[in-house]
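1. Below are the sequence and a predicted model; questions follow.
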Amino acid sequence: MMEALYVLEPGCYIRKDGDSLRVVKGSVTVKRIPAQGLRRLMLVGYVSLSGAVLDFLIRRRIETVFITPTGRYRARLLLNEHRHVALRKAQYLQLSRKEDALRAARSIVRAKAANMHRLLLLRARQHDDNEIRVAAARLKTALAGIDRAGDMESLRGHEGLSTRIYYQVFGHLIRNDAFSFNGRNRRPPLDPVNALLSFVYTLLTNEVLSAINVCGLDPYMGSLHEISYGRPSLACDLVEEYRAFLGDRLVLALINRRMIGVHDFIYRQPVPKTFVDETEMKQKRPVEMKPAVCRTFIASYEEMMARKITDPHSGQQTAYRFLILNQVRRFAESLENPAAPYIPFEWKG
């Protein structure tokens, strides 16, 4: 039984075949997908679906997500809206109140900074690197500023500062001379490390978005990220606590263990400074993973998400994927019971 399945073959289309789906390229079937146990279908790149396949996915209630070859979220096949009206009402009311929204956002930013601090501390010890150690100390000071932030503008400023401190030394965490990192860039990523980071952040955001939909929350109403048409602000909020712990560690492991090399990317020069629209950005993106390394990356990602961790709240062993679901459930409970504030995941091990 499979929970999630990725379709990566470029230029293919999906056909219904009894109780299964077939991924076809030309006249060749490259993959057969049994529906039994399938909960999520991730279509990476440009994959065609027929009306019969869409009907099959809807009837089977298989969540279907469309992602560009560079890992950017495009769309999602939405099933029936969750019927928990009272929960959504509590979400709208609580996150519309400045003091409650600030409290939720502050806890999220603090967990994000604490997890970045934890990663820097560990790597400073492992590599005996004083620059990483200094950055970790600066991040610890930034944590105090986050705790004192009295409004959302101030909090976002402290969040931006802590993120800058972290990325200033992120290149020191890379122990593979073939790769370099000169700062975070996106839309589009300009180098392989940033392309990998953007891709894994998209996958993690979709994990959180799926959990939000399961729990019955509105993914577009968050606190830290302002409401913007089409942006799942709550998912963007709740993914923050996993960026360093899951996303960055996976990218660093693949690079440092030399499972991915610089030859695994397609490069385009010169790099345009502006793009007319999303279509031109896709066509002229400076760097992208080759299909083979994309498969390696996703296999490693799925292996990571199946790994077990002790849930810090329940004390039970659970997979990373279900840790995210449990955390979103706790966030939902905090909305219905404001006396029990949300406690984000902080990496202690």
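-> Structure's in. What do you need?
2. tell me, how many neighbours does Phe265 end up with?
-> Neighbour count for Phe265, taken as other CB atoms under 10 Å: 17. Backbone N, C-alpha and C define where each C-beta goes, glycine included.
3. same question, the one 3 residues further on
-> With neighbours defined by other CB under 10 Å, the count for Arg268 comes to 12.
4. Per-residue pLDDT of it, please?
-> Note for Arg268: predicted pLDDT of 80.
5. Look up phi and psi at it.
-> Main-chain dihedrals, Arg268, degrees, to the nearest 10: phi -130, psi 130.
6. what's near enough to touch the closest residue in space to it that isn't next to it in sequence?
-> With CB to CB, 6 or more residues apart in numbering as the criterion, Arg268 has its nearest non-adjacent residue at 5.5 Å, and that residue is Pro286. For Pro286, the contacting residues are 188-191, 267-269, 271, by CB atoms under 8 Å, 6 or more residues apart in numbering.
7. Quick check: Leu87 is in a strand.
-> No. Counting by DSSP: H, G, I helix; E, B strand; the rest coil, one finds Leu87 to be helix, located in no strand.
8. Pretty sure it sits against Gly216.
-> Yes. The pair Leu87 and Gly216 passes the contact test of CB atoms under 8 Å, sitting 5.2 Å apart.
9. which residues are common contacts for the two?
-> Joint contacts of Leu87 and Gly216 (CB under 8 Å, 6+ apart) are Ala332.
10. Quick check: next helix or strand after the lowest-mean-pLDDT helix or strand in the chain?
-> The helix or strand of the chain with the poorest confidence is helix 278-283; it has a mean of 55 (mean pLDDT, DSSP states H and E). Downstream of helix 278-283, the first helix or strand assigned by DSSP states H and E is strand 287-289.
11. contacting residues for the residue nearest to the spatial centre of the chain?
-> The centroid of the chain falls nearest to Leu204 when counting by CA atoms, centre = their mean (2.3 Å). Applying CB under 8 Å, 6+ apart to Leu204 gives the contacts 239, 242-243, 246-247.
12. where in the stretch 1-150 of the chain is pLDDT low?
-> 1-4, 8-10, 68-74, 78-83 (pLDDT under 70).
13. Can you give me the neighbour number for Gly51?
-> Gly51 sits with 8 neighbouring residues when counted by other CB under 10 Å.
14. And it, how far from Val7?
-> 18 Å (CB to CB, to the nearest Å).
15. And the longest helix along the chain, what does it pack against?
-> In the chain, taking DSSP state H as the definition, the longest helix is helix 98-127. The contact analysis (3 or more CB pairs under 8 Å, 6 or more residues apart in numbering; DSSP states H and E) places helix 98-127 against helix 85-96, helix 130-148, helix 152-168, helix 233-238.
16. Identify, out of the ones you listed, the most deeply packed stretch.
-> Using mean count of other CB atoms under 10 Å, the stretch among the helices and strands packed on helix 98-127 with the largest mean neighbour count is helix 233-238, at a mean of 24.
17. gap between the spatially closest residue to Val328 that is not a sequence neighbour and Leu325?
-> In space, and not counting its chain neighbours, Val328 is closest to Ala211: 4.0 Å by CB to CB, 6+ apart. The spacing between Ala211 and Leu325, counted by CB to CB, is 4 Å.
18. Could you check which of the two is surrounded by more residues?
-> Neighbour totals were compared for Ala211 and Leu325, and Ala211 leads with 24 against 18 (other CB under 10 Å).
19. That one falls within a helix, correct?
-> Yes. Assessed by three-state DSSP, Ala211 belongs to a helix.
20. State the distance from Val134 to Ala113.
-> Here Val134 is placed at a distance of 16 Å from Ala113 (CB to CB).
21. again, but for Lys98
-> Look at Lys98 and Ala113: by CB to CB, they are 22 Å apart.
22. thinking again about what came up before, quick one: which of the contacts of Leu204 is nearest Leu122?
-> Leu246 (14.6 Å; CB to CB).
23. Surely the closest one is in contact with Met304?
-> Yes. In this structure, Leu246 is within contact of Met304 by CB under 8 Å, at 6.7 Å.
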